[in-house]
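Peer 1: okay, sequence plus prediction incoming.
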Amino acid sequence: MLFKDDEHIKLIHSGDEYFVKMKEIIENAQEEIHLQTYIFENDETGNDIANCLKEAAHRNVKVYILLDAYGSSSLSDNFIKDLQQSGIFF
């Protein structure tokens, strides 16, 4: 996909601003989401993002998640199965 003239890139450093922007992007996605990250945890933030991703999948947005096996090793099989059962490609 090419950028249009009215699109731009914004650097987000970390923290709350990052997750607010991530949720906004997920909620506005219409076709596909490709999420690649080192750490994804079953905590308040991780569950919030997971719920947004599941809602996107229910809107027929194709959602793909690629996680680092070491950085996200604390995720349970049940957490992953829940994402997959929601239509998310893991």
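Peer 2: On my side now, so go ahead. Numbering: from 1, shown residues only.
Peer 1: contacts for the longest helix that the chain contains, please.
Peer 2: With DSSP state H setting the assignment, residue counts place helix 44-58 as the longest helix in the chain. Helix 44-58 is contacted by residues 19, 22-23, 26-27, 29, 33, 35, 40, 63, 65, 79, 82-83, 86-88 when judged by Cβ atoms under 8 Å, 6 or more residues apart in numbering. Bear in mind the C-beta positions are built from the backbone N, C-alpha and C, glycine included.
Peer 1: any idea how far Ser73 is from the closest residue to Glu31 other than its chain neighbours?
Peer 2: Spatially, and ignoring its direct neighbours in sequence, Glu31 is nearest to Val61 (6.4 Å; Cβ to Cβ, 6 or more residues apart in numbering). In this view, Val61 and Ser73 are 27 Å apart by Cβ to Cβ, to the nearest Å.
Peer 1: returning to what we had before: list the buried residues in the helix or strand following the longest helix of the chain.
Peer 2: With elements assigned by DSSP states H and E, the helix or strand that comes after helix 44-58 is strand 62-67. Residues of strand 62-67 classed as buried by neighbour count (16 or more other Cβ atoms under 10 Å): 63, 65, 67.
Peer 1: so is the residue nearest the centre of the chain in a helix, a strand, or just coil?
Peer 2: Compute the mean C-alpha point of the chain, and by Cα atoms, centre = their mean the closest residue is Leu35, 4.9 Å away. The three-state assignment at Leu35 reads strand, by DSSP: H, G, I helix; E, B strand; the rest coil.
Peer 1: with adjacent residues omitted, what lies nearest to it?
Peer 2: Per Cβ to Cβ, 6+ apart, closest to Leu35 is Ile65, 5.0 Å.
Peer 1: that neighbour against Glu32, yeah?
Peer 2: No: counting by Cβ atoms under 8 Å, Ile65 stays clear of Glu32, with 11.9 Å between them.
Peer 1: mean confidence for the longest helix of the chain?
Peer 2: The pLDDT scores in helix 44-58 average 97.
Peer 1: since that was my last question, I'll sign off now.
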